[in-house]
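Chemist: Have a look at this fold, sequence not included:
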């Protein structure tokens, strides 16, 4: 049985990446069973990791402030550039441009950290200080932002406009439930990405031989703030800022199947983003094969994905049926370490990257101001 609930506005004049149904404003689903009743988020999406099939969605391409879920794109862009055992001594200059009110892991100038520890600071504590240190190691914040924008274009995440590498609120910094799910799907093809986002606790340097323990802020992974750990949860990234509210992309494995859900801006309290994500994952696992696709997560251009039609930056038809590299491999089982690596590393699309970033900023700012919630500058944070 095919059903479409909610308002179904006419589709855009151009086709939409992932399928035309993802342009509609109402809930999109093709299954006999009803979706969870209490879904208050401004946008959400549920997809199968292996096949890329979008099983249900609501305003999949609505452009909203992403908060720290944008760190998934940062990691997917920078993670492979440095050996995890490499060591780096932090300077004061690398910590000087962190926005006031940021979430911090506690990095100090003069202390030497391994690259692995810096990434633990990014994934577990959503530390903007760790992000900025890695960005400076990568050639600076501006270069890293340009590389992230180029990576988003390669992934065909055309709702995303990057202004800062940490996801902190800035005019024009936007993404969508569809794009965030693309970032998570591609990131999970990398073993280090999977390992970091699934880590619950780690010891972090405090100077000398001293350390302190940090815990992952993903409440479905660790079980905290009144929530129980979600069965099969393997990450991926949560976030909160004034403009974004609470955002979360979570992935879980059950019975050899991996599902990914993104929830943006729920109306209720801080736990709602996790509760609504868990409800969508429960629904998806319960449906099995009865939930037919309403769209697809497209493949990166550099990994054989069919290019979207239309002008650069437009939302055009994506690569058809969700049978890309991950689909052909399948999902190997319930362990995060058995998620298969995807196709070869994404090519860096940096030619003219800084110029392209500046060109897109002005146009994106106007839309972001209308899309994002009113605020006077973001605060916090993860």
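Modeler: Right, received. Where do you want to start? Predicted model only: the values in this text are computed from it and were never measured.

Chemist: Mind jotting down where the strands sit in the chain?
Modeler: 3-4, 27-29, 43-48, 53-58, 87-89, 112-114, 201-207, 210-215, 233-241, 245-254, 257-264, 295-296 (DSSP state E).

Chemist: pLDDT weak spots in this structure?
Modeler: By pLDDT under 70, the weakly predicted segments of the chain are 1-15, 309-382.

Chemist: contacting residues for the residue nearest the centre of it?
Modeler: Ranked by distance to the mean C-alpha position of the chain (Cα atoms, centre = their mean), the top residue is residue 180 at 3.6 Å. Going by Cβ atoms under 8 Å, 6 or more residues apart in numbering, residue 180 touches 66, 69, 70, 72, 247, 249, 262, 264. C-beta: built from backbone N, CA, C; applies to glycine.

Chemist: quick revisit: would you list the strands of the chain in TSV and tack on distance to residue 223 and mean neighbour count?
Modeler: Shown next, in TSV, are the strands of the chain (distance: least, Cβ to Cβ, whole Å; neighbours: other Cβ atoms under 10 Å):
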stretch	distance to residue 223	mean neighbour count
strand 3-4	34	14
strand 27-29	29	24
strand 43-48	22	28
strand 53-58	26	26
strand 87-89	33	13
strand 112-114	28	16
strand 201-207	12	15
strand 210-215	11	13
strand 233-241	9	28
strand 245-254	13	26
strand 257-264	18	28
strand 295-296	32	26
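
Chemist: could the ones you listed go into TSV alongside distance to residue 133?
Modeler: Output for the strands of the chain, formatted as TSV (distance: least, Cβ to Cβ, whole Å):
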stretch	distance to residue 133
strand 3-4	47
strand 27-29	41
strand 43-48	32
strand 53-58	36
strand 87-89	7
strand 112-114	8
strand 201-207	13
strand 210-215	15
strand 233-241	18
strand 245-254	23
strand 257-264	27
strand 295-296	37
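
Chemist: Nearest to residue 169, out of the ones you listed?
Modeler: Closest approach to residue 169 among the strands of the chain is made by strand 233-241 (4.6 Å; Cβ to Cβ).

Chemist: For the closest one, which strands pair with it and how are they oriented?
Modeler: The strands that strand 233-241 pairs with in its sheet are strand 245-254 (antiparallel) (by DSSP bridges).

Chemist: what's the offset of the strand it pairs with from the middle of its chain?
Modeler: 9 Å (Cα atoms, centre = their mean, to the nearest Å).

Chemist: Pull up the gap between residue 88 and residue 71, please.
Modeler: Distance, residue 88 to residue 71, using Cβ to Cβ, to the nearest Å: 19 Å.

Chemist: In the protein, what residue spans correspond to helices?
Modeler: 71-78, 115-125, 128-137, 141-154, 177-187, 191-197, 219-222, 272-287, 325-329, 353-371 (DSSP state H).

Chemist: so which of these is the most packed in?
Modeler: helix 177-187 (a mean of 30; mean count of other Cβ atoms under 10 Å).

Chemist: how far out from the middle of the chain is that one?
Modeler: On the basis of Cα atoms, centre = their mean, the separation between the geometric centre of helix 177-187 and that of its chain is 5 Å.

Chemist: Excluding sequence neighbours, find me the nearest residue to residue 254.
Modeler: residue 232 (4.6 Å; Cβ to Cβ, 6 or more residues apart in numbering).

Chemist: does residue 211 have beta-bridge partners, and which?
Modeler: With DSSP bridges as the rule, residue 211 is bridged to residue 205.

Chemist: Let me see the contact set for it.
Modeler: Residue 211 touches 203, 204, 205, counting by Cβ under 8 Å, 6+ apart.

Chemist: same question, residue 281
Modeler: 46, 230, 250, 252, 259, 261.

Chemist: what's the farthest-apart pair in those residues?
Modeler: Between any two of the contacts of residue 281 (Cβ to Cβ), the greatest distance is 14.1 Å, for 46 and 230.

Chemist: I figured residue 161 hits residue 171, correct?
Modeler: No. Contact criterion Cβ atoms under 8 Å: residue 161 and residue 171 do not qualify, at 10.1 Å.

Chemist: check contacts around residue 223.
Modeler: Residue 223 neighbours (Cβ under 8 Å, 6+ apart): residue 229.

Chemist: Could you find the closest non-adjacent residue to residue 276?
Modeler: Nearest one to residue 276, counting by Cβ to Cβ, 6+ apart, is residue 263 at 4.9 Å.

Chemist: In terms of neighbours, single out the busier of residue 161 and residue 171.
Modeler: For residue 161 versus residue 171, the count of surrounding residues by other Cβ atoms under 10 Å is larger for residue 161: 23 against 15.

Chemist: beta partners for that one?
Modeler: Bridge pairing for residue 161 - DSSP bridges - gives residue 174.

Chemist: do you know how far it is from residue 208?
Modeler: If you go by Cβ to Cβ, the gap between residue 161 and residue 208 works out to 42 Å.

Chemist: can you check residue 237 too?
Modeler: For residue 237, the distance to residue 208 - Cβ to Cβ - is 31 Å.

Chemist: In terms of distance to residue 96, which of the contacts of residue 211 ranks first?
Modeler: residue 205 (20.3 Å).

Chemist: List the contacts of that closest one.
Modeler: Contacts of residue 205 (Cβ under 8 Å, 6+ apart): 111, 112, 113, 117, 211.

Chemist: how about a cut-off of 6 Å?
Modeler: 111, 113, 211 (Cβ atoms under 6 Å, 6 or more residues apart in numbering).

Chemist: I'd like these as TSV, with distance to residue 195 appended.
Modeler: Putting the contacts of residue 205 into TSV (distance: Cβ to Cβ, whole Å) gives the following:
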residue	distance to residue 195
111	23
113	17
211	19
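
Chemist: No further questions, thank you.
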